[in-house]
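K.L.:
sequence plus predicted model, see below.
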Amino acid sequence: MGFNDDVKAAAETIAAAETITIISHIDADGIASEAILSQAISRLEITCRSVFVRQLEPLTIPQVPSDSSFKIFADLGAGQQNLLHDRGLPEKDVLIIDHHVSQPCEREYRQVNCLPHGHAKMSAAGVAYLVAKALDPANLDLAKTAVIGNVGDMMARETCGLTGMVRDVIVEDGARHRNVEVRRRDLNCYGTATRPVYLSLAYNDDPFIKGISNNPEGAKQFLRNLGIRQQAGDGRWLVWDELPQEDKKTIISALAEQLMAHGEPTDRLLAETYHFPDELVRTPLRNAQEYATLLNACGRWAKPQVGSAILKGDRGSAYRDAEHMLSNHRAIIRDLLNYILDTGVKVLDSVQYIHVGTRYPDTIVGIGAGMALSKLDSTKPILIMCTVPEDENLTKVSMRTTERVVRRGIDLQKAISDASAEYGGGGGGHKIAAGAYIPKTAEEEFVIRVNRILKEQFGAAGTGNR
Ligand SMILES: [Mn+2]
């Protein structure tokens, strides 16, 4: 069966259910998947409730209710089918909507998964949206949420914009419904709705621009030299979205010149970006990247339902809660960043690493490591370890690198899963960012192993680690 047949079959199964439980993941893609499915299902007047889990594992599987409801696993499940089996879930009561690699299982659970059909640049929210659209073509309004989920799952990152079926079908649906505005050649930069322009430029390191990336004062001066008006009459800093078109053009050409002057490629300077004209200006809801960050903050601070409520339109108490979580999220990440830089990393041939113990929640250490990397030697991937709060014998490992290093042949997902295979840890993620759980006793050996694997990856690409 083709992917579209799977989507159609999934929709038919859902429409025939009496009551449904959605089990979804706490990240932006998982929250978006849940929001799409629960809205599409409620519109059919089928009773539906949702459960969010950090991960589907033996520790969390008891959160899946053992009632007679039909279970939809979203953004998870494909790789944990044996767990569903062990939980005693019968085939007829389960549908998996996922984009992760499938695990073989003696029970054949119904699944709609874009990955085996060659849609590698589609997230679970994308699959969920296609199912919602098959349930009712009027669900076009939900394409916006699917765009947020896909961007949140980094589907736009490598290619500077969404591609494939997500671009051709989902983004187009959103544009047609007029709640998604596509900017084909915008600055490839985060924070265009909420950050002062100079900070947007300074916090961006893809592409890394000498004198501007990681250098707020340098960025401010650069804009001043171009004669760009950076502040409103009342002294408030303008954001990128507010700049006149000609100022944007001036900045982009000057950045391109800057890159060329340093012999750097300019191919990552521009990206296709996704904006939401139905949201308030200068809020994180105004574009897909910042909206996804807000959802991630909700998930990481154990309030995925708040993110889901916002996606469903709550602009009252849920939005206030989320704003609070977002500022808290940023403050703690900043603190973690300073901790890493103050403490310093240990440096091996092909990796640099640090252990932060129980100081920071395991849900944010990876983000902090990614930010620290841009202030360290970014040619070497960073590995960060922390103690898992629920189980002090367990260590969470997160790794981050840059697009540049990925282009040199580094694949962190592969490195981390190869290195942790022996402990049954199993790693997940992407080439640029990956994570795994390992036994505390294996920490030292694990770091050495990762270092060796990365060294091989650098070697295979024939580039060494510089
Ligand atoms: Mn996902």
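P.N.:
Structure's in. What do you need? Numbers count the residues shown, from 1 in each chain.

K.L.:
for Val281, what are its contacts?
P.N.:
Contacts for Val281 were tallied using Cβ atoms under 8 Å, 6 or more residues apart in numbering; they are 193, 241-242. In this view, the C-beta of every residue, glycine as well, is placed from N, C-alpha and C.

K.L.:
most neighbours of all the residues you listed, which one?
P.N.:
Most neighbours among the contacts of Val281, by other Cβ atoms under 10 Å: Ala193, with 24 neighbours.

K.L.:
name the nearest residue to that residue, sequence neighbours excluded.
P.N.:
Distances taken as Cβ to Cβ, 6 or more residues apart in numbering place Arg286 nearest to Ala193, at 3.8 Å, with adjacent residues excluded.

K.L.:
check the burial of the one you found by counting its neighbours.
P.N.:
Going by other Cβ under 10 Å, the residues that sit close to Arg286 add up to 22.

K.L.:
show me the contacts for it.
P.N.:
Taking Cβ under 8 Å, 6+ apart as the contact definition, Arg286 lies against 193-194, 241, 275-276, 279-280.

K.L.:
assign the residue nearest to Arg452 when sequence neighbours are not counted to helix, strand or coil.
P.N.:
Counting by Cβ to Cβ, 6+ apart, the nearest residue to Arg452 once its immediate chain neighbours are dropped is Ser350, at 8.0 Å. Per DSSP: H, G, I helix; E, B strand; the rest coil, the secondary structure class of Ser350 is coil.

K.L.:
tell me the spacing between Arg176 and Pro137.
P.N.:
According to Cβ to Cβ, to the nearest Å, Arg176 stands 12 Å off from Pro137.

K.L.:
now swap in Arg286 and tell me
P.N.:
27 Å.

K.L.:
and what of Thr401?
P.N.:
Thr401 sits 42 Å away from Pro137 when distances are taken as Cβ to Cβ.

K.L.:
just Gly263 next, same as before
P.N.:
Gly263 is 51 Å from Pro137, where distance means Cβ to Cβ.

K.L.:
again, but for Val166
P.N.:
Separation of Val166 from Pro137 (Cβ to Cβ) stands at 18 Å.

K.L.:
higher neighbour count, those two?
P.N.:
With neighbours defined as other Cβ under 10 Å, Val166 and Pro137 compare such that Val166 has more, 29 against 9.

K.L.:
surely the more buried one meets Lys121?
P.N.:
Yes: Val166 is in contact with Lys121 according to Cβ atoms under 8 Å; the separation is 6.2 Å.

K.L.:
which residues are common contacts for these two?
P.N.:
Common contact partners of Val166 and Lys121 (Cβ under 8 Å, 6+ apart): Met155.

K.L.:
spell out which residues of the stretch 101-250 of the chain are next to the ion.
P.N.:
Residues of the stretch 101-250 of the chain found near the ion, taking Cβ under 5 Å from the ion as the criterion, are 123-124, 153.

K.L.:
out of those, which one has the lowest pLDDT?
P.N.:
In terms of pLDDT, the lowest of these is Asp153, showing 93.

K.L.:
can you pull out the strands in the stretch 151-300 of the chain?
P.N.:
With DSSP state E, counting those that start in this stretch, the ranges of strands along the stretch 151-300 of the chain come out as 181-187, 270-275.

K.L.:
on that earlier part again, for the contacts of Val281, which one is nearest Ser24?
P.N.:
Lowest distance from Ser24 to those (Cβ to Cβ) belongs to Ala193, with 26.1 Å.

K.L.:
any figure for the gap between that closest one and Met165?
P.N.:
Here the distance between Ala193 and Met165 works out to 27 Å (Cβ to Cβ).

K.L.:
then Asp335?
P.N.:
Separation of Asp335 from Met165 (Cβ to Cβ) stands at 40 Å.

K.L.:
try Ala156
P.N.:
The span separating Ala156 from Met165 equals 14 Å under the rule Cβ to Cβ.

K.L.:
give me the common contacts of the two.
P.N.:
What both Ala156 and Met165 touch, as defined by Cβ under 8 Å, 6+ apart, is an empty set.

K.L.:
these two: which has the busier surroundings?
P.N.:
Neighbours of Ala156 and Met165, each counted by other Cβ under 10 Å, are more numerous for Ala156; the result is 25 against 20.

K.L.:
hang on, that one packs against Ala271?
P.N.:
Yes: with the criterion set as Cβ under 8 Å, Ala156 and Ala271 qualify as a contacting pair; they are 7.2 Å apart.

K.L.:
model confidence score at the residue in the stretch 301-450 of the chain that the ion sits nearest to, please.
P.N.:
In the stretch 301-450 of the chain, no residue comes nearer to the ion than Gly428, which is 9.8 Å away by Cβ to the ion. The predicted local distance difference test score for Gly428 is 73.

K.L.:
partners of it in the sheet?
P.N.:
When bridges are assigned using DSSP bridges, the partners listed for Gly428 are Gly435.

K.L.:
I'd like to know which elements the helix or strand hosting Arg452 is packed against.
P.N.:
In this structure, Arg452 sits in helix 443-460 according to DSSP states H and E. Contact partners of helix 443-460 among helices and strands, from 3 or more Cβ pairs under 8 Å, 6 or more residues apart in numbering; DSSP states H and E: strand 382-388, strand 391-400, helix 412-420.

K.L.:
tilt between it and strand 391-400?
P.N.:
Using axes from the mean of the first three to the mean of the last three Cα atoms, to 10 degrees, the direction of helix 443-460 lies 20 degrees away from that of strand 391-400.

K.L.:
what does helix 443-460 contact?
P.N.:
By Cβ under 8 Å, 6+ apart, the surrounding residues in contact with helix 443-460 are 348-351, 353, 355, 381, 383, 385, 395, 397, 399, 408-411, 414-416, 418-420, 423, 438, 464-465.

K.L.:
apply 6 Å and report the result again.
P.N.:
Where contact means Cβ atoms under 6 Å, 6 or more residues apart in numbering, the residues beyond helix 443-460 that reach it are 348-351, 353, 395, 409-410, 415, 418-419, 438, 465.

K.L.:
got CSV for those residues, with distance to the ion too?
P.N.:
Shown next, in CSV, are these (distance: Cβ to the ion, whole Å):
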residue, distance to the ion
Leu348, 31
Asp349, 32
Ser350, 28
Val351, 26
Tyr353, 26
Thr395, 23
Gly409, 25
Ile410, 21
Ala415, 20
Asp418, 22
Ala419, 23
Ile438, 22
Asn465, 30
